[in-house]
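1. Give me a 3D structure for the following:
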Amino acid sequence: MTTGNPMNMSEYKKNLLGRDNCSTKEMDETVAEFIRRTILKIPMNEMMTILKAWDFLSENQLQTINFRQRKECLVQDLVGLCEEKSASVNDAALLDIIYTQVHRHQKVWDVFQMNKEPDEDVDLFDMEQFKCSFKKILQRALKNALTVASKHHQIVKMDLRSRHLDSLKAIVFKQYDQTFENHNSTTPLQERCLDVNMDSRIIHENKVEKERVQRITQESFGDYPQPQLEFAQYKLETKFKSDLNGGILAERKEPLRCLIKFSSPHLLEALKSLAPAGIADAPLSPLLTCIPNKGMNYFKIRDK
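-> Numbering: from 1, shown residues only. Down below sits the predicted model:
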């Protein structure tokens, strides 16, 4: 999982791949095609920035290219320069990584949890040692390579996905405080609630209810921006229960299955606003408020 400033590419390259000094005499056709397809994806207004961040083609080489020509011709010229420098698969992969880092919100990212044996040291692995070990065993399956190189015994896919890597990082590493009582605030809750411009004709009971809803919402979500997720999915499996005799549903041996999906460009902030807006009662279901705390946005609900 990758985070950070997308344009801090020098540090990014150093941490992820490094530069492989070995190259073949001629660039492989597969590598050429991979570079061609990657360059085709790059918007023209970002082309020079990404190529400079790649740091494979020199400044003098880039100056020989006409960046005002049709994109197909531009790509052909750039691939030609890569062939002259005998670009390796590592070079092609680095270009793709830089493009992905800049446009990381266009992908949906899965989260994996890496576990060690209980009696093993839990300190983070050394990145340089990891890169060296990872390259040596890369011919194995990627998952196995990550497991061995990072000295973990297991990698488990979590029920958590999003386009926003920074939000995934915040959820996985608990880099926020979800419990209202532990959140430091210099303004008392009652004072914050009464700061809202209210019509003086609103009766006292309404004010009390608004304060109650606000208090419960902040207890559930905290008083800070929420991590950004686009959806939460709930799969329900349950047996049909009825006191009436007979009926096709009551005789079913297979459970009833249904799928419920909540979608929004910023789901947690949307959920947080439901009760204050009067759209839902407070408190919301724990299945909706527990998403960051459990590190999940895929849920399976079965009968006990």
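2. any idea which helix or strand comes after the helix or strand of the chain with the lowest mean pLDDT?
-> Lowest mean confidence among the helices and strands of the chain (mean pLDDT, DSSP states H and E): helix 189-194, at a mean of 40. Counting by DSSP states H and E, the next helix or strand C-terminal to helix 189-194 is helix 204-221.
3. State the mean pLDDT of the helix or strand following that next one.
-> Remark: after helix 204-221, the chain's next helix or strand is strand 231-238, criterion DSSP H and E. The pLDDT scores in strand 231-238 average 92.
4. Adjacent strands (with direction) for strand 231-238?
-> Using DSSP bridges, strand 231-238 pairs in its sheet with strand 256-263 (antiparallel), strand 298-302 (parallel).
5. just how off-centre is it within its chain?
-> 20 Å (C-alpha atoms, centre = their mean, to the nearest Å).
6. export it as PDB, just CAs?
-> Extracted C-alpha coordinates of strand 231-238, given in PDB (Å, rounded to 0.1, in the frame of the first residue of the first chain):
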ATOM      1  CA  PHE A 231     -18.900   2.100  -0.300                       C
ATOM      2  CA  ALA A 232     -19.800  -0.400   2.400                       C
ATOM      3  CA  GLN A 233     -21.300  -3.800   1.400                       C
ATOM      4  CA  TYR A 234     -23.400  -6.100   3.600                       C
ATOM      5  CA  LYS A 235     -24.200  -9.800   2.600                       C
ATOM      6  CA  LEU A 236     -27.100 -11.200   4.700                       C
ATOM      7  CA  GLU A 237     -27.800 -14.900   5.100                       C
ATOM      8  CA  THR A 238     -30.700 -15.900   7.300                       C
END
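7. OK, contacts around the nearest residue to Ile42 once chain neighbours are set aside?
-> Once flanking residues are discounted, Ile42 sits nearest to Ile50: 5.5 Å by C-beta to C-beta, 6 or more residues apart in numbering. Any C-beta I mention is one placed from the backbone N, CA and C, and that applies to glycine too. By C-beta atoms under 8 Å, 6 or more residues apart in numbering, the contact list for Ile50 reads 42, 95, 98-99, 102.
8. Flag the shaky bits of this structure, pLDDT-wise.
-> The model of the chain has pLDDT under 70 over residues 1-26, 117-125, 134-143, 145-146, 176-205, 241-251.
9. Got the phi and psi for Ala277?
-> phi -80, psi 0 (degrees, to the nearest 10).
10. care to break the protein down by domain?
-> 9-106, 109-162, 168-302 (automatic domain parsing).
11. Just the terminal-to-terminal distance for the shortest one.
-> Criterion C-alpha to C-alpha, to the nearest Å; first-to-last residue distance in domain 109-162 is 5 Å.
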